[in-house]
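*Asks:* Dropping a prediction and its sequence here:
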Amino acid sequence: MGNGTCTSRQGLENMLSRAQGSHDLTRGEIVNLLALTDSCEVEALYVAADRVRREHVGDDIFLRGIIEFSSHCRNNCLYCGLRRDNTGLERYRIPDDEIVDLARSMEREGCTTVVLQSGEDPFYTRDRMCAIISRIKGETSLAVTLSLGERTFEDYRAFRLSGADRYLLRHESASRPLYASLCPGRTLDDRIRCLEWLRELGYETGSGFMVGLPGQTVEDLADDVILIRELGADMVGIGPFIPHAQTPLGAHPAGDVNLVLKTVAVVRMVTRDANIPATTALGVLDKQSRKRAFHAGANVYMPVFTPQSYAKDYEIYPGKGLVSSDARKSLDAYREFFSSMGRPVGRGKGGRPGFQEKGTVCEKKTVG
Ligand code: SF4
C-alpha cells in the first residue's frame, strides 16, 4: 500500500481491527486505505467494512423508492445534465396526483420510504411541497425523504412539520476550490449551513459526494470522508463522476468504480451505523459494482419509480434513465440477489439505529 501509517499487510489488519472498535481513522489512514491497490488488501478492507455493517446495522437491506418529480433546476453545476444552461433537455414536472399514486404503488411493492427528488425548482413553493408531503403521509405509511436542494430554514421547518422524516443534501466536494469551480454562484459554507439546519430540525440527514471529479485528489476524498464524520451524516450517498456530453465537463473521464467501492467501505468504517446506498450511478458504470457495494458496506437499495416517460429526461448523467427503468423492472432480481447473500429486505422504516433528534421543529429561528 502507499506510504504512511500502514506499511505491511499486518499493519493494515491491525489498523482495520482497531477501526472496527473505537479507533477513529486519521486523515493519513483514510488516504492510505483509499490508495490501496493490492487486491488482497482491498479485499481485507471490504471484509472489515462488511463486518462493521453487520455489527452496527445488521443484514437487512432497505428499499427506498425514488420519484424524480421535476427535472427543472435553477442552478448550473458543471457536472450535471439538469443544469439550467442545458437547453437540449426536455423538462418535466410530474402532476401532484401522480406523485401520490406513485408513492402508493411503491408501498405495495415493499418499499418503506419514498424519496422525493428534483432539481432546485422554485415552482414547488413551500405550500405546494407541504401539501404533497401531507398527502403521502396521510395516504401511506411510508417514511418521506426529501432531496430538493438548498431551501430556506422556514421551508425546511414547514416540510418537517408536514411530516417529512429525512433530507438528502450531498455536499458533493469538501474541497472549497473544487466546490466553487463546480457549482457557480454557490458555496460549500451555504451547503453546510443547510445541513446543520436540517439536523437542528430533527431530520435524519444525508449527505454524500462524487468520486473522480476532474482535479480531485485522494486527499480531497479523505476530506470528504472526514466532513461526513463531522456532520454526523445519517445517510451517505457516494457515486462516481460520470461525464455528460452537454456539460462543460463532458470530455473528462468517469470516476473509477474501484475507488468508489473503497470509499464506500471507508465511509462504513468511519460512520459505523449510517445508511449507505449502492448508488444508481455506480450501476450505470458497472452493474456488478453496484452489487459489489453490498459486500463493501452498503445496506440500502433505491429503485427508481419515476415512470419511464419522464425518467428518460432526468438525465443528470447519461444512461441514468435506462438504469432507472431497468432498476424498477429488476426489483425482483435484486430481491433474489439479496436473498442469495442471506440479506433480507428490511420491513421497518430503516432509520439509522443510533439516530437521535438533535433539535425540535418548534424552535424559533430568524435566519433564512
Ligand atoms: S446537481 Fe442538482 S442543483 Fe446542480 S444543476 Fe444538477 S439538479 Fe441542479
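*Replies:* Yes, it's here.

*Asks:* burial measure for D24, as a count.
*Replies:* D24 is flanked by 12 other residues according to other C-beta atoms under 10 Å. (Glycine included, C-beta is placed from N, CA and C.)

*Asks:* er, T217 I mean
*Replies:* 13.

*Asks:* now do R335
*Replies:* Neighbourhood size, R335 [other C-beta under 10 Å]: 16.

*Asks:* before we move on, what about the one 4 residues further on?
*Replies:* Neighbour count of S339, defined by other C-beta under 10 Å: 12.

*Asks:* what about it, distance to the ligand?
*Replies:* Taking C-beta to the nearest ligand atom, to the nearest Å as the measure, S339 and the ligand are separated by 35 Å.

*Asks:* Give the buried residues for the host helix or strand of that residue.
*Replies:* Mapping S339 onto the secondary structure by DSSP states H and E places it in helix 331-340. Taking 16 or more other C-beta atoms under 10 Å as the basis for neighbour counts, the residues of helix 331-340 that come out buried are 331, 334-335, 337-338.

*Asks:* now stretch 196-213
*Replies:* Within stretch 196-213, the residues scored as buried using 16+ other C-beta under 10 Å are 197-213.

*Asks:* So which of the residues you listed are in strands?
*Replies:* In this view, the buried residues of stretch 196-213 that belong to strands under DSSP state E are 204-211.

*Asks:* Out of those, flag the one nearest to the ligand.
*Replies:* The shortest distance between the ligand and any of those, using C-beta to the nearest ligand atom, involves M210 and amounts to 9.7 Å.

*Asks:* didn't the closest one look like it was pressed against G255?
*Replies:* Yes: in this structure M210 lies within contact range of G255 using C-beta atoms under 8 Å: 6.8 Å.

*Asks:* Where do the strands of the stretch 51-200 of the chain begin and end?
*Replies:* Under the criterion DSSP state E, counting those that start in this stretch, strands of the stretch 51-200 of the chain are mapped to 62-70, 113-118, 143-147, 166-168.

*Asks:* Measure how buried K349 is and give me the count.
*Replies:* A count of nearby residues for K349, using other C-beta under 10 Å, gives 14.

*Asks:* State the phi and psi torsions of it.
*Replies:* Main-chain torsions, K349, degrees, to the nearest 10: phi -70, psi -20.

*Asks:* Kindly provide the distance from the closest residue in space to it that isn't next to it in sequence to I30.
*Replies:* Across the structure, with C-beta to C-beta, 6 or more residues apart in numbering as the measure, the residue nearest K349 apart from its sequence neighbours is A143 (4.5 Å). Applying C-beta to C-beta, to the nearest Å, the value for A143 to I30 is 31 Å.

*Asks:* now swap in L102 and tell me
*Replies:* 39 Å.

*Asks:* who's more crowded, the two?
*Replies:* Set side by side, L102 and I30 show more neighbours around I30, with 28 against 21, by other C-beta under 10 Å.

*Asks:* pretty sure that one is touching A222, no?
*Replies:* Yes: here I30 lies in contact with A222, judged by C-beta under 8 Å, at a distance of 4.2 Å.

*Asks:* and the stretch 1-150 of the chain, which residues reach the ligand?
*Replies:* Counting by C-beta under 6 Å from any ligand atom, the residues of the stretch 1-150 of the chain close to the ligand are 73, 75, 77, 80, 82-83, 119-120, 149.

*Asks:* Let me know which of the strands of the stretch 51-200 of the chain is tucked in deepest.
*Replies:* Ranked by average neighbour count under the criterion mean count of other C-beta atoms under 10 Å, the strands of the stretch 51-200 of the chain are headed by strand 166-168 at a mean of 26.

*Asks:* That strand near the ligand anywhere?
*Replies:* No: counting by C-beta under 6 Å from any ligand atom, the ligand has no neighbours in strand 166-168; the shortest distance is 11.1 Å.

*Asks:* What residues does the residue nearest to the spatial centre of the chain make contact with?
*Replies:* What sits nearest the mean C-alpha location of the chain, by C-alpha atoms, centre = their mean, is G237, with 2.3 Å. If you count contacts by C-beta atoms under 8 Å, 6 or more residues apart in numbering, G237 has them with 168, 170, 206-208, 276-277, 279.

*Asks:* That one bridge partners, please.
*Replies:* The partner list for G237 in beta bridges (DSSP bridges) reads G208.

*Asks:* Overlap of the contact sets of M210 and G255?
*Replies:* Common contact partners of M210 and G255 (C-beta under 8 Å, 6+ apart): 239-241.

*Asks:* Throw the residues you listed into JSON lines and include pLDDT, secondary structure and neighbour count, thanks.
*Replies:* Below are these laid out as JSON lines (pLDDT from 0 to 100; DSSP: H, G, I helix; E, B strand; the rest coil; neighbours: other C-beta atoms under 10 Å):
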{"residue": "G239", "pLDDT": "95", "secondary structure": "strand", "neighbour count": "27"}
{"residue": "P240", "pLDDT": "97", "secondary structure": "strand", "neighbour count": "25"}
{"residue": "F241", "pLDDT": "96", "secondary structure": "coil", "neighbour count": "26"}
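
*Asks:* need these in a markdown table with distance to Q356, can you?
*Replies:* What follows is the shared contacts of M210 and G255, written out as a markdown table (distance: C-beta to C-beta, whole Å):
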| residue | distance to Q356 |
| --- | --- |
| G239 | 28 |
| P240 | 32 |
| F241 | 33 |
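
*Asks:* and the residue lying closest to V218 once chain neighbours are set aside, what is it in contact with?
*Replies:* By the measure of C-beta to C-beta, 6+ apart, the closest residue to V218 outside its immediate chain neighbours is L34, 4.9 Å from it. Contact criterion C-beta under 8 Å, 6+ apart gives 218, 221-222, 259, 262-263, 266 as the residues in contact with L34.
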